[in-house]
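Undergrad: Need coordinates for the below:
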Amino acid sequence: MRIATLGLFHEANTFSPIKADRELYADGGALRGEEIVVAHGDADTTMGGFLAAGTWPDVEVVPLLFAFVNPIGPIVADVFDELLDEMLDALTEHGPWDAVLLALHGAAVAEHVPDADGEIAARVRERVGPDVVLGATFDLHANLSHQVIDALDVATVYQTNPHIDARHQAIKCADIVVRTVRDEVRPTQSLVPLPLVVNIARQDTSEQPMADLIATAAAIADRPGMLDTSLIQGFPYADVPHMGMSALAIHDGDESTAAKAAAELAEVIWATRAELQARGLTVDEALDAASLDPTGPVVLLDVGDNIGGGAPGDSTVILAAAQHRGVGSFLQTLWDPDAVRDCTSAGTGARVRTTVGARHPHSPGRPVAVDGTVRLVSDGRFEDPTPTHGGFRFFDMGPTAVLDTTDGHTLVLMSKQIDNTSLAQHRCLGIDPTDYHVIVAKGVNSPRAAYGTIASQMLVVDTDGITAMGIERFPYQHRRTPLYPFEDAEFPATLTSSSLDR
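TA: Sure thing, here's the model as predicted:
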């Protein structure tokens, strides 16, 4: 059995003015053939799970192209077209295939294609024909459309946030695909979109109400004849018509049962819509709470500057407040290539006076003046074989400097935006994060898998920025209406097959 695996994995924050351009993809953002195996063969990523299927008896998995860049604005039009054309040409050149496995995010947007994932899936289906089994695994933050589901035979979705089950869900997808090729199952899918946005601070799958909703999806999936059931959280920072939560069910051969299962899960989700909204602490409230904590580290989750949601990672709002209040024993990363160059030029052990942060034109706050000693300069590369958000193992912050300031702050200054999802990010620089009382993490849910193991508290801080938790602050132009919580919305109490029509 020959299976092609390829994909374009992009989470687009349409409120970011920085586009996913040719330069980003040229700088390690597009892997081909054996490069994919090197980067993902031992990783717990989606692609790692697909490659693992190649170890099964009588199954060959051929990696073709995998494009990935950090969450950022939409993909530039000609770059998207070129990557998609390369994917399609590779399928033709190296085929024929029994099946194709797509590693997609589900919240990809190109400048000229609002539903980039749907376009990819539809074009792949067109290229390989109706008889090749087509499967895909999506991020839990996917904004799934009928276009993408209609093109696929099998779709599985991460069910953990932080995303530590990417490899597991990919293996599940590959298993159903292989059994479909062997005529052992006949997957039938049903997608139910909800007129609902869940707040980013209510998406941790270990907390309520999300934990019970995920458990409900798993219980439905365990019923006889069901192949899988998924709750999909959606991605609120992609201003597209299909943005929002959804429910997906796959049954072995019975379309009606799949539709009823997806509808049942959707109803349970809808019943918790008020609980799926949230507010966070102000910066001062968070620093007050941290000052009262007797042990630490207290991890402040900087929601508005969430690198994993498309923010630049250079907001100084919390840093400036900590400096003003005289908060010491403070650790945080900042994306600031200019400050890295200042520190690198000065050299290890040198005293440096510079400004840090707020280089991005849409970053809240202002550059902060600091005076400190360069502890270390590094190439910024590190590896983490333990569970991380998304399952990634190899990381590259670019040229990196560690600056210990006279305020009692340690700043990790990066040239590339890397999420705070791994303690190895600090430890590779000789920093023990447990030595600090306050740590700022540029994220909401993605840092929890790592920092939750050392934190005395993790506090959600409602900072401004292009990933702010208050979605009412954003100038949406393309979303559906009505859409809760923006407007009151209705959702059928009882869904039938006919009510699921587009």
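
Undergrad: Phi, psi for the residue lying closest to L83 once chain neighbours are set aside please.
TA: Nearest non-adjacent residue to L83, counting by C-beta to C-beta, 6 or more residues apart in numbering: A67, 5.2 Å away. From N, CA and C alone the C-beta is placed, and that goes for glycine too. Main-chain torsions, A67, degrees, to the nearest 10: phi -110, psi 130.

Undergrad: Please name the residues that touch A67.
TA: 7-10, 25, 29-31, 83 (C-beta atoms under 8 Å, 6 or more residues apart in numbering).

Undergrad: Just those: which are in helices?
TA: 25, 83 (DSSP state H).

Undergrad: Relative to V128, which of the contacts of A67 is nearest.
TA: G7 (14.4 Å; C-beta to C-beta).

Undergrad: Count the neighbours of that closest one for me.
TA: 28 (other C-beta atoms under 10 Å).

Undergrad: That one and V100 touch, don't they?
TA: No - counting by C-beta atoms under 8 Å, G7 stays clear of V100, with 9.9 Å between them.

Undergrad: Buried residues, stretch 245-254. List them.
TA: Of the residues in stretch 245-254, 245-252 count as buried by neighbour count, 16 or more other C-beta atoms under 10 Å.

Undergrad: so can I have a markdown table of the residues you listed showing pLDDT?
TA: Conversion of the buried residues of stretch 245-254 to a markdown table gives the following (pLDDT from 0 to 100):
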| residue | pLDDT |
| --- | --- |
| M245 | 98 |
| S246 | 98 |
| A247 | 98 |
| L248 | 98 |
| A249 | 98 |
| I250 | 98 |
| H251 | 98 |
| D252 | 98 |
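
Undergrad: Of these, just say which sits nearest to T463.
TA: For the buried residues of stretch 245-254, the minimum distance to T463 (C-beta to C-beta) is 24.1 Å, reached by M245.

Undergrad: any idea how far the closest one is from V440?
TA: The gap separating M245 from V440 is 29 Å, by C-beta to C-beta, to the nearest Å.

Undergrad: Return the helix or strand hosting I214 as PDB; C-alpha atoms alone will do.
TA: Following DSSP states H and E, the helix or strand that holds I214 is helix 210-221. What follows is helix 210-221, C-alpha atoms only, in PDB (Å, rounded to 0.1, in the frame of the first residue of the first chain):
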ATOM      1  CA  MET A 210     -14.000  21.900  28.200                       C
ATOM      2  CA  ALA A 211     -12.900  18.700  30.100                       C
ATOM      3  CA  ASP A 212     -16.500  17.400  30.200                       C
ATOM      4  CA  LEU A 213     -17.200  18.400  26.600                       C
ATOM      5  CA  ILE A 214     -14.100  16.400  25.400                       C
ATOM      6  CA  ALA A 215     -15.200  13.500  27.600                       C
ATOM      7  CA  THR A 216     -18.600  13.600  25.900                       C
ATOM      8  CA  ALA A 217     -17.000  13.500  22.500                       C
ATOM      9  CA  ALA A 218     -14.900  10.500  23.600                       C
ATOM     10  CA  ALA A 219     -17.900   8.700  25.000                       C
ATOM     11  CA  ILE A 220     -19.800   9.100  21.700                       C
ATOM     12  CA  ALA A 221     -16.800   7.900  19.800                       C
END
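
Undergrad: one step back: tell me the bridge partners for the residue nearest to L83.
TA: When bridges are called by DSSP bridges, A67 pairs up with L8, A30.

Undergrad: What separation do you get for it and E35?
TA: For A67, the distance to E35 equals 11 Å [C-beta to C-beta].

Undergrad: Same check on V154?
TA: For V154, the distance to E35 - C-beta to C-beta - is 26 Å.

Undergrad: Going along the chain, name the helices of this structure.
TA: 22-26, 34-40, 46-52, 77-94, 116-128, 146-151, 166-181, 210-221, 255-271, 283-292, 317-325, 337-346, 424-427, 448-451.

Undergrad: Which secondary structure elements does the first one sit against?
TA: Judged by 3 or more C-beta pairs under 8 Å, 6 or more residues apart in numbering; DSSP states H and E, helix 22-26 is in contact with helix 77-94.

Undergrad: how close does the nearest residue to Q189 once chain neighbours are set aside get to N306?
TA: Distances taken as C-beta to C-beta, 6+ apart put I250 closest to Q189, at 5.1 Å, once the chain neighbours are dropped. I250 is 31 Å from N306, where distance means C-beta to C-beta.

Undergrad: ditto for T180
TA: Distance from T180 to N306, by C-beta to C-beta: 37 Å.

Undergrad: same deal with Q277?
TA: Distance from Q277 to N306, by C-beta to C-beta: 18 Å.

Undergrad: More neighbours: the two, which one.
TA: N306 (31 against 17).

Undergrad: got a list of what the more buried one touches?
TA: Contact analysis of N306 by C-beta under 8 Å, 6+ apart lists 200, 442-444, 446, 465, 467.

Undergrad: Please apply the same query to Q277.
TA: Contacts of Q277 by C-beta under 8 Å, 6+ apart are 198-199, 202, 485.

Undergrad: what bits of the protein have low per-residue confidence?
TA: Applying pLDDT under 70 to the chain flags the ranges 493-502.
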